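In: here is a sequence with its predicted model. Questions after.
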Amino acid sequence: MVLTVSLSADTNETLEPLSLDPPHLYLGGTNSCALCHVDYQNKPDPLTDDWISFTVCQSCHSLGGTATAADIHIVPNDTIWCENCHNPHHHQAVWPHKYIKSEITTPAGQTKAVVFADSLDFIHGAPNYDGICETCHTQTNYHRNNASGDHTHNVGSDCTTCHPHTSSFQANCTSCHGTPGVNAAPPVDIYGASDSYEVGKHQEHLQVSVDNTGSQCALCHYERGPGTGFHTNGNGQAYVNFHPAAGASATWTNGVRGSSPGSCSNLACHQDANWDPQEVGGCDMCHGAPPSSGAHATHFGGDVSLASYGSTENLSNTSQYIFACGTCHPMSQDMHRNGTVDVELYNSNAPNGSLKSLNPSTATYTPGGVVYYDVDSIPYTNGTCSDVYCHSRTDWSSPDPISNPTGTDANGNLTYDPYVVTETRMYASVNWEDPHINCNGCHRNGPQTSYPEVQAGVGNSHAWINESGYEDFHFWNHGFDPIQCRTCHYSTITATMAWSRDASDITYFGGAPLANKAFHVNGNKDVSFDPVDTIVYNSNSWVLTDASYDPATKLCSSVPCHLNQLTPEWGKPYRSSISAECNQCHQYKVVEDHGTDITMTLSSRSGSFEDKCLECHTGHRNKKK
């Protein structure tokens with residue numbers, strides 16, 4: 001009995017029933033044929049080569065299939081299908097593996113003998129050129145089916161190591177250099193080394209090359225890759241030829257393997273540098289550290305050793321702000337050296353406590369309309385930063401009436417019916433070309449609230465404009481010199497600020513240099529009292545040597561300027577029209593000409609809180625009667 005099986009549109013083979021070589025012989029027990037020769041639905045008639053390869057062969061020989069994965073062999077202007085090279089029933093007799101045919105019809109229409117004698121028997125050369133990897137080739141650089149071309153390349157090797165069947169025999173770059181599953185750039189180099197001068201700084205340059213050329217390699221190996229006479233030519237040298245994007249004058253000087261690294265010069269992308277992987281250049285290899293554009297120098301006053309892409313550290317010191325690069329640029333290294341100057345003002349993964357973590361999700365940089373280039377040819381625009389914590393202030397709101405005092409707490413401070421103070425962060429939009437911003441540029445100089453948005457000055461005790469339009473609290477200081485910023489923020493500012501008052505007794509401060517920038521724009525409201533300068537009130541003066549502040553309770557301690565109020569609380573109500581609120585400081589310590597009876601009366605909690613002080617002190621602007 002003879003069984004005829006149609007294998008392709010133009011090929012028939014005659015064989016005995018169950019005449020199969022292993023492993024196909026064992027696929028289906030006593031009926032192996034049925035695994036391939038099934039009644040497929042919608043099969044073409046006649047059968048086509050592509051249908052057989054994709055439908056029959058790759059039903060097993062595919063990624064994740066039951067047999068070794070294999071792909072068809074795509075060549076210029078043609079496709080080599082599975083059955084062009086393979087007989088699915090029989091191996092060659094000499095080495096019974098791989099089902100290689102004894103004769104192959106080449107794309108040129110020639111019928112040529114093929115000999116496949118062992119696992120490394122891919123190349124034979126002259127005179128027959130009948131190895132499986134040379135039978136058809138006429139245009140390759142190596143191992144053609146005639147005397148032309150190079151016939152020395154990796155003879156005696158398994159060609160599929162570098163040209164795997166799973167990728168249509170396309171070259172597998174990582175078989176010679178690079179890391180399989182990662183990328184083809186060293187490490188390792190072509191000698192298998194992972195720390196040689198040839199390994200150099202490949203990995204650092206991959207993304208830059210992709211962005212500039214579309215290829216991981218072409219920026220430095222332009223027209224020197226696969227398919228050129230410079231690649232895999234057997235001399236063990238990687239040829240460097242710069243793409244125009246690297247600079248019209250870019251040059252490369254070879255090193256000596258094992259002795260010295262190569263070097264590049266006249267590049268558009270960075271300064272002259274050598275290829276030694278141990279020599280790590282700083283940020284100023286490619287651009288200034290900080291760059292010369294816009295307000296970089298204001299935001300980063302450190303040297304290159306402190307620059308670190310992705311870091312959100314605040315390294316500011318006494319004289320300089322030093323906000324690490326990740327404060328305004330992406331935290332991910334994948335966004336660095338990608339051909340774009342990326343600005344990232346918000347990242348939900350920013351470390352807690354960093355300035356970046358304090359920015360809302362609406363923090364943005366809007367580029368300007370004109371592109372400029374700094375001294376390193378890095379493009380930038382004078383855009384605008386918005387909704388950034390660094391350029392913000394707190395506003396307070398408490399529009400509902402505040403009750404009169406209802407009693408005192410354990411600290412001796414007045415208590416009230418419950419009231420609500422809402423704090424809202426307000427942001428200034430800042431242009432990138434503004435090198436210096438004064439105090440008013442971010443927060444008011446100084447912070448101030450007003451009636452009716454805020455009742456009784458609650459929330460913010462710097463200054464409050466009352467219902468009569470006059471100023472109260474620390475800046476007014478009852479008509480004496482205003483309490484200076486340095487008084488309570490001495491770690492940040494120690495200078496005396498010029499000041500003036502208008503007809504409504506509203507105080508205006510001039511600017512002053514910061515004493516320590518590490519305490520300014522650091523995410524904290526640092527309170528430290530001035531231990532040097534005196535505070536003058538009437539005939540009294542004090543130095544706050546022992547004063548302290550608890551940010552959790554907002555209580556000040558040992559502040560003699562509050563007279564008898566031992567632990568005043570920041571943000572509590574104060575109205576000059578309510579004697580009890582004046583009496584917080586003045587009880588038992590009424591100054592100058594008051595007699596004993598008046599003093600005792602003022603200390604009494606019986607009767608009206610307002611009756612005694614206001615008998616004489618009827619005006620907000622009276623320091624004394």
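Out: That came through, no problem. Residues are numbered from 1 along each chain as shown.

In: what's the longest helix in the chain?
Out: helix 202-213 (DSSP state H).

In: could you break this structure into its assigned domains?
Out: The record's domain parsing of the chain by automatic domain parsing lists 1-170, 177-281, 288-384, 390-575.

In: these into a markdown table, with extra columns for mean neighbour count?
Out: C-beta here means a position set from N, CA and C on the backbone, and glycine is covered the same way. Output for those, formatted as a markdown table (neighbours: other CB atoms under 10 Å):
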| stretch | mean neighbour count |
| --- | --- |
| domain 1-170 | 15 |
| domain 177-281 | 16 |
| domain 288-384 | 16 |
| domain 390-575 | 16 |
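
In: would JSON lines of those domains with mean pLDDT and distance to residue 584 be doable?
Out: JSON lines is the format used below for the domains of the chain (pLDDT from 0 to 100; distance: least, CB to CB, whole Å):
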{"stretch": "domain 1-170", "mean pLDDT": "80", "distance to residue 584": "80"}
{"stretch": "domain 177-281", "mean pLDDT": "83", "distance to residue 584": "62"}
{"stretch": "domain 288-384", "mean pLDDT": "92", "distance to residue 584": "34"}
{"stretch": "domain 390-575", "mean pLDDT": "92", "distance to residue 584": "5"}
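
In: let me have the ones you listed in JSON lines, extended by distance to residue 585.
Out: Below are the domains of the chain laid out as JSON lines (distance: least, CB to CB, whole Å):
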{"stretch": "domain 1-170", "distance to residue 585": "82"}
{"stretch": "domain 177-281", "distance to residue 585": "62"}
{"stretch": "domain 288-384", "distance to residue 585": "35"}
{"stretch": "domain 390-575", "distance to residue 585": "4"}
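
In: residue 388 is in contact with residue 432, isn't it?
Out: No: applying CB atoms under 8 Å, one finds residue 388 not in contact with residue 432, separated by 11.5 Å.

In: OK, contacts around residue 310?
Out: For residue 310, the contact set (CB atoms under 8 Å, 6 or more residues apart in numbering) comprises 325-326, 329-333, 336.

In: can you check residue 50 too?
Out: By CB under 8 Å, 6+ apart, the contact set of residue 50 is 79, 81.

In: same question, residue 283
Out: 289, 304, 307-309, 325.

In: please, which helix or strand holds residue 252?
Out: Element membership of residue 252 [criterion: DSSP states H and E] is strand 251-253.

In: partner strands of that strand, with direction?
Out: Strand 251-253 has the following sheet partners, assigned by DSSP bridges: strand 263-265 (antiparallel).

In: helix, strand, or coil at the residue lying closest to residue 317 once chain neighbours are set aside?
Out: Among residues not flanking residue 317 along the chain, residue 518 sits closest, at 5.6 Å (CB to CB, 6 or more residues apart in numbering). Secondary structure for residue 518, judged by DSSP: H, G, I helix; E, B strand; the rest coil, is helix.

In: so residue 518 versus residue 388, what's the distance?
Out: 19 Å (CB to CB, to the nearest Å).

In: how about residue 112?
Out: 72 Å.

In: and the gap between residue 466 and residue 295?
Out: Computed as CB to CB, the residue 466 to residue 295 distance reads 39 Å.

In: so residue 25: helix, strand or coil?
Out: Residue 25 ends up helix, using three-state DSSP.

In: which non-adjacent residue is nearest residue 431?
Out: Excluding its sequence neighbours, the residue lying closest to residue 431 (CB to CB, 6+ apart) is residue 384, at 5.4 Å.

In: what is that neighbour paired to in the beta sheet?
Out: residue 366, residue 431.

In: contacts only, for it.
Out: 365-366, 368, 429-432 are the contacts of residue 384 under CB under 8 Å, 6+ apart.

In: mind putting the residues you listed in JSON lines, distance to residue 70 included?
Out: Listed next are the contacts of residue 384 as JSON lines, based on distance: CB to CB, whole Å:
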{"residue": "365", "distance to residue 70": "52"}
{"residue": "366", "distance to residue 70": "54"}
{"residue": "368", "distance to residue 70": "56"}
{"residue": "429", "distance to residue 70": "61"}
{"residue": "430", "distance to residue 70": "61"}
{"residue": "431", "distance to residue 70": "62"}
{"residue": "432", "distance to residue 70": "57"}
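
In: which one of the residues you listed is nearest residue 498?
Out: residue 430 (24.6 Å; CB to CB).

In: surely that closest one and residue 385 touch.
Out: Yes: counting by CB under 8 Å, residue 430 touches residue 385, with 5.1 Å between them.
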